[in-house]
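**Student:** pasting the sequence and the predicted model now:
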Amino acid sequence: ITLKDHNFYAGEVVKKTVLGINDQHTTETWTARWEVRRRDGGAVVAGGVLRPRVSPFSRVCEPFAFTLPAAGAPAALDLRLDVAHADGSPLTNDTFALAVYPRPEAPGHRGKTPFLLFDPHGETAPGLAALGVRTKPLIPGAARAGRVLLMGRRALRGLKQLPFTADEVARGLRVVFFEQHCSDLDKIGLRHEDRGPRQLFARQPGHPLADGLTADLLRDWRGHATLFSAGPVLDRIPVSSRTSRISTRGNVASAIIETPHCGPFETFIDGEFDLSYTPLVRWRHGRGELLFCQLDLTGRIGVEPGADRAAANLVRYLGEPLPPPEWRTAACLSASTAEHITRLGFAAETVDGRLDSRSHSVVATAADAAAFAARRAEIEAFVARGGDLIVLYADAALLADPFFGGRLRAEPVRYPSGNLAPTDHPLLRGAGPQNLHWRSAVDLVRVASADPVYVPLLDGFAGVLPAGKGRILLFQADPARFTEITA
C-alpha cells in the first residue's frame, strides 16, 4: 500500500495501490485480500480480493478503490492487506491507518469589514472564497489601521517595496503572508529551508490557530504541493548541503522558516531538524501583527482535512479582535544589561526617573548587585504596586540582598547535557524541547526556595515568586554559557 495520504471525507472514493515485488526465480500468483474496518467496533466498511501474476524478479502494481461511509464525527479505520501464495500459505501482511471526517461547513466571514487582499498572481483568492471570506483589493494609500491584509501566495515575488509600513502595523494592521518562496523570504530577513516536510507538530495546541490540529492532521497531505517544482533542486537557494529530495507529493509545507532566535516571535507549528523550523509564526508589533502561514494550503482547501482545519482556524482567528498588547520596556539597572536585552530583540533602557508598573519591567542581573542595593527602596515600592522584577542569572550575592528576605537561595550545579522538561506555565508558552536542550555539560546556578508560594520552573532554572501585588521572575540559563545559541 504505497501512498501515505490517509485523511478523507465521508462519501469519498479512496484509491490505493498494492505494490508487490517478486524476488524469486519462478512466476508467482498471489492472492491479496484487503478489507477496511472501523477501529472502534471492527465493522467491515469495504473489502476485496486481488490476484496478481508476477514474473521472476519483477514488480506489479494492483490498484483498488472503495467508498467511505457517512460519518457524523471523525472515525478511525484500518485498511488491512493479507497476501498468500497460490497454495494458500501466508506470504505477508500490512495495515494502513485511515481516518474519515464529516465535511465541515465553511467558517465564513465574521464582521462587516472585508479583508484587504493583495494577490497579484490570483492563487489565494479561490481558496478564500471557498472558505466564505469576503475580500476587497488593496488600494494604495487607503486607511488600514485595525484592518486585516492578506498577502497572497508568491505576493512578494518581484515586489520592491512592501504595500504596508511598520507604523501601520503598530497602529493595528494585521498582515498575513500565505506561501512565499525561499528567495522572497530571504529578502525580508527570514532564514528558511525548502525541505518540504511531510510531517509537522502543533507547538501550542490550545491556541486558536492550532485548535484541533493533531499530529495525524499535520502529516502526509493529499496530492502535490505546487510552490516548488518537483525537484531535485526545488528552485532553491543553496543554503544547505543536505541531500536534496525528489517530489513534492504529501508536503504539508514547502518553504519553512527557521524560528528566529531573538525577539517576540511565537510559533504555533514546528517541524524538521531539531523542531527549529516553522510554517506558522507570528510577530506582534504594537497593536498589530505579522503572521506567516507557509502551510501548503493552495489547492488543498476542500480536499485535505488538515488543510481545511488549518485554514478555518486562521479565518476564525482573524475574525476576532486582536487582544491589546501588553508590552513593557525593560528598565535595566546598568547600561550593559540594557545592551544585553536589546541584543535579544526587546526594548530596553537604563533606569532613569520614576518606575511605572504599567509600562516598565525592572531587569537586574548578578552584575547589577551594587546598583540593585542602591535602588532597593524604589524597586520594593515598584513591585509592591504590581510591577514585575525580572532577575537574570542571579548568584548568591544578589539573592543575599535584603530585598529577597532570605526567601531564595542559589545552588551552583554542573548540569549535564540533555533536556529540561517543558513546564506548563503561561510564562513558557510556546517553548518546546528544541529550546530546552544543549549538547555539553554547563555550569549554572539553580534557584531554590522553601517558600510555599514560590513556583519553580525548568528544574529550578526559572521560577516565579509573588511579592506584594507584583512578581519576581527568575531565569538562570545565561546564553553566554552555552555554545549553541538556541539552548
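**Tutor:** Perfect, thanks for sending it.
**Student:** nearest the middle, which residue of this structure would you pick?
**Tutor:** Compute the mean C-alpha point of the chain, and by Cα atoms, centre = their mean the closest residue is residue 269, 1.7 Å away.
**Student:** which residues does it bridge with?
**Tutor:** Going by DSSP bridges, residue 269 is paired in beta bridges with residue 202, residue 280.
**Student:** how near is it to residue 254?
**Tutor:** From residue 269 across to residue 254, the span is 14 Å (Cβ to Cβ, to the nearest Å). Heads up, the C-betas are built off the backbone N, CA and C, glycines and all.
**Student:** do the same with residue 275
**Tutor:** Taking Cβ to Cβ, one finds residue 275 at 18 Å from residue 254.
**Student:** neighbour count winner among these two?
**Tutor:** residue 254 (26 against 18; other Cβ atoms under 10 Å).
**Student:** OK, contacts around the more buried one?
**Tutor:** 179, 194, 196, 225, 227, 228, 234, 248, 294, 296 (Cβ atoms under 8 Å, 6 or more residues apart in numbering).
**Student:** number of nearby residues for the second one?
**Tutor:** Here the number of neighbours of residue 194 (other Cβ under 10 Å) works out to 26.
**Student:** hmm, residue 228 and it touching each other?
**Tutor:** Yes: applying Cβ atoms under 8 Å as the test, residue 194 and residue 228 come out as touching, 6.3 Å apart.
**Student:** tell me the bridge partners for residue 177.
**Tutor:** Those that pair with residue 177 in a beta bridge, by DSSP bridges, are residue 151, residue 292.
**Student:** actually residue 19, sorry about that
**Tutor:** Applying DSSP bridges to residue 19 gives these bridge partners: residue 61.
**Student:** pretty sure it sits against residue 59.
**Tutor:** Yes: counting by Cβ under 8 Å, residue 59 is a contact partner of residue 19 at 6.5 Å.
**Student:** could you pull out the strands for the stretch 201-350 of the chain?
**Tutor:** For the stretch 201-350 of the chain, the strands defined by DSSP state E, counting those that start in this stretch cover 256-258, 265-271, 277-285, 288-293, 329-332, 348-350.
**Student:** residue 448 is nearest to which of those?
**Tutor:** Residue 448 sits nearest to strand 329-332 of all the strands of the stretch 201-350 of the chain, at 25.7 Å, using Cβ to Cβ.
**Student:** list the contacts of the closest one.
**Tutor:** 338, 341, 346-351, 355, 359-364, 368, 390.
**Student:** now swap in stretch 460-472 and tell me
**Tutor:** Where contact means Cβ under 8 Å, 6+ apart, the residues beyond stretch 460-472 that reach it are 357, 382-389, 391, 404, 407-408, 411, 420, 423, 425, 427-428, 444, 446-449, 451, 453-457, 473-477.
**Student:** for that stretch, give the mean pLDDT please.
**Tutor:** Stretch 460-472 shows a mean pLDDT of 95.
**Student:** can I get it as PDB, trimmed to CA atoms?
**Tutor:** Written as PDB, here are the backbone C-alpha positions of stretch 460-472 (Å, rounded to 0.1, in the frame of the first residue of the first chain):
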ATOM      1  CA  GLY A 460      14.800  25.300  39.200                       C
ATOM      2  CA  PHE A 461      16.500  27.300  36.400                       C
ATOM      3  CA  ALA A 462      13.400  29.600  36.400                       C
ATOM      4  CA  GLY A 463      10.800  30.500  38.800                       C
ATOM      5  CA  VAL A 464       8.100  32.900  40.000                       C
ATOM      6  CA  LEU A 465       7.800  34.400  43.500                       C
ATOM      7  CA  PRO A 466       4.800  36.600  44.300                       C
ATOM      8  CA  ALA A 467       5.700  39.800  46.100                       C
ATOM      9  CA  GLY A 468       3.100  42.400  47.200                       C
ATOM     10  CA  LYS A 469       0.900  43.000  44.100                       C
ATOM     11  CA  GLY A 470       3.800  42.100  41.800                       C
ATOM     12  CA  ARG A 471       6.100  39.300  41.000                       C
ATOM     13  CA  ILE A 472       9.800  38.300  41.000                       C
END
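**Student:** pull out the buried residues from that stretch.
**Tutor:** Buried residues in stretch 460-472, counting neighbours by 16 or more other Cβ atoms under 10 Å, are found at 460, 461, 462, 463, 464, 465, 467, 470, 471, 472.
**Student:** cool, stretch 51-59 as well?
**Tutor:** For stretch 51-59, a neighbour-count test (16+ other Cβ under 10 Å) marks 52, 54 as buried.
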